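Asker: this is a predicted model, with the sequence first.
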Protein chains: 2
Amino acid sequence: MAAEISGPIVDTDVHNALTDVTGYLPAAWRARWQETGYGVGGLYHNPRGVPRRDATPPDGGPPGSDPEYLIADHLDRFGIDYAILTGPGTLPLGADPDYAGAIASAYNDCTIERWLPVTDRFRGSVLVYSDDPPAAAAEIRRVGGHPHMVQVMMASTSRAPYGQRQYHPIYEAAAEMGLPVAIHPGTEGAGSAWPPTPAGYPSRYLEWHNILPVNYMSQINSLVCEGVFEKFPTLTFVAIEGGLAWLPHLMWRMDKNFKALRDTVPWLHRLPSEYIREHVRLTTQPIEEPDDPRQLLAILDMMDAEHTVMFSSDYPHWDNDNPSMLLTQARPELRERIFSATACELYGITGRPDPTVRRGNREPAGVAAGPADASTQLGQVE
Amino acid sequence: MAAEISGPIVDTDVHNALTDVTGYLPAAWRARWQETGYGVGGLYHNPRGVPRRDATPPDGGPPGSDPEYLIADHLDRFGIDYAILTGPGTLPLGADPDYAGAIASAYNDCTIERWLPVTDRFRGSVLVYSDDPPAAAAEIRRVGGHPHMVQVMMASTSRAPYGQRQYHPIYEAAAEMGLPVAIHPGTEGAGSAWPPTPAGYPSRYLEWHNILPVNYMSQINSLVCEGVFEKFPTLTFVAIEGGLAWLPHLMWRMDKNFKALRDTVPWLHRLPSEYIREHVRLTTQPIEEPDDPRQLLAILDMMDAEHTVMFSSDYPHWDNDNPSMLLTQARPELRERIFSATACELYGITGRPDPTVRRGNREPAGVAAGPADASTQLGQVE
């Protein structure tokens, strides 16, 4: 794959399993973590399991838990230069924002101390608990200045659409730190979230997974209509793992309605689709696979994929896309943009990784770990 | 328009305003109706108004309330042969299923006695309150045998996804009577419904209207995954006014996941997209309007629009599509299917209307009407 892409290849969704965060938690929360983990599980069971069993590292730990193995098993195998680490992906909506915020901070500290020093090929995400926007903003300012923490990441689920004002402190902090804000699925219908669909709760994982993109459409619609991209003109919103092929429909419908009702949103000065093209980025996995691949390519043209779409694998999760089989029929210019240029521009990547950064700073913390499945309770259902 | 279409032209979404149902209500409910109407309003205000003011009939009544004027102003003007009458469109989820059911029955009786006899060009919908499936099934059996009542219509909103078992009595009755089951939008977020998005409540009508299709995707996903079309192999589901261009994405995503997780839905024997192509029909209004109309035509090809899409105008609502401007660049065979053949097959229409059916049975009921806005409280927000 690497040979034909001239720029650095960036995988925008690589799940590193942070299994040893206990030592990063304040003492007040350690017992709870060790006893219950995060404590908010989802309703839906994937009989395949979520982590790929064939991605188990040599020490038998959870897939994604060994940085060296992750590099060999995924980055080296597919010629990927950079991995945007997405950790547990998402913090489900729970009850106690202080507990959730403490866990987010622990994850971030763990990423910074144990993962980013391993190699220049890793870039980190600032995990925040978005249901407590002031605390989330403080966390962004606390760790978002690290040169290799390159985005803010929050759950795709929220109690109100993300365009609404209560969430603006998050965007203000992200814009101040020059970071995009990403969402990741997996918490839909879990904890204190609304049902995953406007029609209530699906019965099974298959149906639930099929319909996750509707939440993404809802969030993007809200961000645009509420004027977030007018208020924060440098902000980029990254919709990780939410599908692609629905975007033309959403842009067309929003534009049509805007032409009739623009006086109700006087803060918008451009067509909704223009805000989306400039400020929203989607990631490829799980890519749609019509029988005729030209149909997907036609959709990509309709959504200006050269500027809106970035490659992601979702390694090491069950439905991750094999990078060598992804969009093989797309024209070279589009592949160059999707596998490299758009992500490099967004995340400030300017060249190949520096091979001298490889400190292997992985000494144990000396603090008892939580239950083996604690990290998997953190929304690793995608 | 008519000249180039060889079969009868069928408009599958024409809102007749049933302003005089009071006399059809049991005495127990009349006072409540006269005092409050249905009593469940929506959260979102359209500053354009919902009914088109230029469609006001000569007597000054609500648009759509005068059958003769509706015929002249819409059917004759555009050369439409048949109107599938959709009345108030939808009964929002309220609290009292007996009251809602009584109103549904009153509407149905009013349609049968006051509208269908006016002309052979009208076909009616059996309105049901879907949150009380046994009563809805009884209503379908009560009036669904009328030769010109051609479908069941229920709200697009539901407390649980429509594929789930509690709703199967509705489909059983519809299948028994040989009627398709339709949904119509407008009640999303109203009354006791869930929020209109998995992220909660949008702020304004524009944002709410943009995102209505996510509920449609959720319902179709549920109907397929729960095996409704295996259990009721003759059933057709009509998704009125929910948009079109999202269907390829939904079919592709469902098919991809099905290939990985089909053992969790062993009652499905075919790809999800095959059930959709055979059992789901979408209506055109509000049609998506990309700058390049070829993009919409490409999408229609991806979704087998020759078999899945039917023409609708949404007359006399604010955003109704002008039939003479609709899909003008589509190839003739596709226009023939969309404007005529698919609807004729679904609704059992076999030729031009019989001009001798024109009884004009419109004598007043002699019962005091409800408040002037009562009918507009019935979900006429689309």
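Answerer: Yep, it's here.
Asker: what about the closest residue to A:Tyr171 other than its chain neighbours, neighbour count?
Answerer: Leaving aside its chain neighbours, A:Tyr171 sits nearest to A:Phe232 (4.8 Å; criterion: C-beta to C-beta, 6 or more residues apart in numbering or on different chains). Using the backbone N, CA and C atoms, a C-beta is placed for each residue, glycine as well. Using other C-beta atoms under 10 Å in any protein chain shown, the number of residues around A:Phe232 comes to 20.
Asker: next, the contact list for A:Phe232, please.
Answerer: A:168, A:171-172, A:174-175 (C-beta atoms under 8 Å, 6 or more residues apart in numbering or on different chains).
Asker: check A:Ala72 too.
Answerer: Listed by C-beta under 8 Å, 6+ apart, the contact set of A:Ala72 is empty.
Asker: try A:Asp66
Answerer: By C-beta under 8 Å, 6+ apart, the contact set of A:Asp66 is A:57-59.
Asker: out of these, who's nearest B:Gln151?
Answerer: Using C-beta to C-beta, A:Pro57 comes nearest to B:Gln151 of those, at 57.3 Å.
Asker: show me just the buried residues among the contacts of A:Asp66.
Answerer: Those of the contacts of A:Asp66 that meet the buried threshold are A:Pro57, by 16 or more other C-beta atoms under 10 Å in any protein chain shown.
Asker: so of the contacts of A:Asp66, which ones are in helices?
Answerer: Among the contacts of A:Asp66, no member falls in helices (DSSP state H).
Asker: quick check: chain neighbours aside, which residue is closest to A:Gly348?
Answerer: Spatial nearest neighbour of A:Gly348, chain neighbours left out: A:Val150 (6.6 Å); criterion: C-beta to C-beta, 6+ apart.
Asker: residues of the stretch 251-382 of chain A that sit close to chain B?
Answerer: Neighbours of chain B within the stretch 251-382 of chain A, by C-beta under 8 Å from any C-beta of the partner chain: A:252-258, A:260-261, A:263-265, A:272, A:286, A:288-290, A:295-296, A:298-299, A:302, A:318-319.
Asker: which of those count as buried?
Answerer: Counted by 16+ other C-beta under 10 Å, those give A:252-258, A:260-261, A:264-265, A:272, A:286, A:288, A:290, A:295-296, A:298-299, A:302, A:318-319 as buried.
Asker: so how many other residues sit close to A:Pro134?
Answerer: 13.
Asker: and the residue nearest to it when sequence neighbours are not counted, how many neighbours?
Answerer: Closest residue to A:Pro134 apart from its sequence neighbours, by C-beta to C-beta, 6+ apart: A:Pro169 at 5.7 Å. A:Pro169 has 17 neighbouring residues, counting by other C-beta under 10 Å.
Asker: A:Pro169: what secondary structure?
Answerer: helix (DSSP: H, G, I helix; E, B strand; the rest coil).
Asker: wait, it sits on A:Glu139?
Answerer: No: A:Pro169 is not in contact with A:Glu139 according to C-beta atoms under 8 Å; the separation is 11.1 Å.
Asker: and A:Arg165, how many residues sit next to it?
Answerer: A:Arg165: 13 neighbours (other C-beta under 10 Å).
Asker: just A:Leu43 next, same as before
Answerer: By other C-beta under 10 Å, neighbour count at A:Leu43 equals 17.
Asker: residues contacting it?
Answerer: By C-beta under 8 Å, 6+ apart, A:Leu43 lies in contact with A:189-190, A:201, A:208.
Asker: what's the separation between it and chain B?
Answerer: Distance from A:Leu43 to chain B, counting by C-beta to the nearest C-beta, to the nearest Å: 13 Å.
Asker: state the pLDDT value of the closest residue to A:Asp81 other than its chain neighbours.
Answerer: The spatially closest residue to A:Asp81, leaving aside those adjacent along the chain, is A:Pro8, at 4.0 Å (C-beta to C-beta, 6+ apart). Looking at A:Pro8, its pLDDT is 98.
Asker: burial count for A:Pro8?
Answerer: For A:Pro8, the neighbour count with other C-beta under 10 Å is 20.
Asker: which residue packs closest to A:Ala175, ignoring adjacent ones?
Answerer: A:Phe232 (4.6 Å).
Asker: then A:Lys256?
Answerer: A:Lys256's closest residue in space is B:Glu289 (C-beta to C-beta, 6+ apart), at 5.3 Å.
Asker: hmm, that neighbour is touching A:Phe258, no?
Answerer: No: B:Glu289 is beyond contact range of A:Phe258, at 11.6 Å (criterion: C-beta under 8 Å).
Asker: correct me, but A:Arg294 touches A:Gln329?
Answerer: Yes: using C-beta under 8 Å, A:Arg294 is in contact with A:Gln329, at 7.4 Å.
Asker: so which residues of the stretch 151-300 of chain A form strands?
Answerer: Assigned by DSSP state E, counting those that start in this stretch, the strands in the stretch 151-300 of chain A fall at A:181-184, A:237-239, A:280-283.
Asker: does chain B sit close to the second one?
Answerer: No: counting by C-beta under 8 Å from any C-beta, chain B has no neighbours in strand A:237-239; the shortest distance is 12.6 Å.
Asker: so which elements touch that strand?
Answerer: When contacts are defined as 3 or more C-beta pairs under 8 Å, 6 or more residues apart in numbering or on different chains; DSSP states H and E, strand A:237-239 sits against strand A:181-184, helix A:213-225, strand A:280-283.
Asker: and these as a markdown table, adding mean neighbour count and mean pLDDT?
Answerer: Shown next, in a markdown table, are these (neighbours: other C-beta atoms under 10 Å in any protein chain shown; pLDDT from 0 to 100):
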| stretch | mean neighbour count | mean pLDDT |
| --- | --- | --- |
| strand A:181-184 | 28 | 98 |
| helix A:213-225 | 28 | 98 |
| strand A:280-283 | 25 | 98 |
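Asker: so which of the ones you listed is nearest B:Val21?
Answerer: helix A:213-225 (34.7 Å).
Asker: for the closest residue to A:Ile103 other than its chain neighbours, give its distance to A:Leu91.
Answerer: Excluding its sequence neighbours, the residue lying closest to A:Ile103 (C-beta to C-beta, 6+ apart) is A:Tyr38, at 6.1 Å. Using C-beta to C-beta, to the nearest Å, A:Tyr38 is found at 7 Å from A:Leu91.
Asker: of these two, which one has the most company?
Answerer: The neighbour comparison of A:Tyr38 against A:Leu91 (other C-beta under 10 Å) goes to A:Leu91, with 30 against 22.
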